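J.: Whatever this is, show me its structure:
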Amino acid sequence: MAEERERDQRERHRRGHRRRGEGLDTPREARRRLVRRPRVDPEAFGRWSERIARFMGTPRFLVYMTAFVGVWLAYNTFAPPELQFDPRALNYTLLTLILSLQASYAAPLILLAQNRQDDRDRVAFEQDRQRAERNLADTEYLAREVAALRIAMREVATRDFLRSELRNLLEELEEHHRYTSGPDVPKSQE
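T.: I've put the predicted structure just below:
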């Protein structure tokens, strides 16, 4: 009996049905969707948005936009009324809608481009920080090595020290030679 109940629960779980009292800790199986979601490569879309944002920030874009609006206004102001598609009498409603649409798409694209630039700046900052830490560690290591060399150099015999030691030895030898070969020394000791 308990075995059947357990098998029934597993079957219900497999089909995605839950009974009252079953926990939410058991995930449901993935369902197939009737309409597939479009798959968009975020990197490609990000690069595209950056190119658009970069273009919109150029003087060329401003000149093109000014020329477009100027031609639009001139045509719809001076053309015969039956040929106007956005008459002045309606306050250029179509032009206003087109510019609003352009602005509504431009703002998110510019924000997306700024977010991507912020991410790149954050990565570059982190790399600079790590490089600075490595440089500091290398500098500290080299400073310790230079200090150790200075300490070791104090213990190394210098040229002046060697000359003074050789002079002392030479004086001792001369003194010893004078002592051993002097007139007071018998011939048998020489």
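J.: rest of the way, CA atoms for contacts and neighbours
T.: Noted.
J.: After the helix ranked longest in the chain, heading C-terminal, what element do we hit next?
T.: As assigned by DSSP state H, the longest helix anywhere in the chain is helix 93-155. Downstream of helix 93-155, the next assigned helix or strand under DSSP states H and E is helix 159-181.
J.: Against which helices or strands is that next one packed?
T.: Secondary-structure packing of helix 159-181 (3 or more C-alpha pairs under 8 Å, 6 or more residues apart in numbering; DSSP states H and E): no helix or strand packs against it.
J.: Let me know the average pLDDT across that helix.
T.: The predicted model assigns helix 159-181 a mean pLDDT of 88.
J.: any idea how far the residue positioned nearest the centre of the chain lies from residue 96?
T.: Central residue of the chain (C-alpha atoms, centre = their mean): residue 123, 1.5 Å from the mean position. Separation of residue 123 from residue 96 (C-alpha to C-alpha, to the nearest Å): 41 Å.
J.: so where's this structure uncertain?
T.: Across the chain, the ranges flagged by pLDDT under 70 are 12-23, 182-190.
J.: could you redo the last one with a cut-off of 90?
T.: Applying pLDDT under 90 to the chain flags the ranges 1-49, 52-54, 56-57, 81, 87-91, 109-110, 112-113, 147-162, 165, 176-190.
J.: Quick check: phi and psi at residue 83.
T.: Dihedral angles of residue 83 (phi, psi; degrees, to the nearest 10) stand at phi -100, psi -10.
J.: what about it, how many neighbours?
T.: 11 (other C-alpha atoms under 10 Å).
J.: and what of residue 72?
T.: 16.
J.: So it: helix, strand or coil?
T.: Recorded secondary structure, residue 72: helix (DSSP: H, G, I helix; E, B strand; the rest coil).
J.: Identify the spatial nearest neighbour of it, chain neighbours not counted.
T.: Among residues not flanking residue 72 along the chain, residue 95 sits closest, at 7.8 Å (C-alpha to C-alpha, 6 or more residues apart in numbering).
J.: my guess is residue 53 contacts residue 110, does it?
T.: Yes: Residue 53 lies in contact with residue 110 (C-alpha atoms under 8 Å); the separation is 5.2 Å.
J.: circling back to that earlier point, what about the residue nearest to the centre of the chain, distance to residue 117?
T.: 10 Å.
J.: Please report phi then psi for residue 33.
T.: Dihedral angles (degrees, to the nearest 10) for residue 33: phi -100, psi 150.
J.: Identify the residues contacting it.
T.: Counting by C-alpha atoms under 8 Å, 6 or more residues apart in numbering, residue 33 makes contact with nothing.
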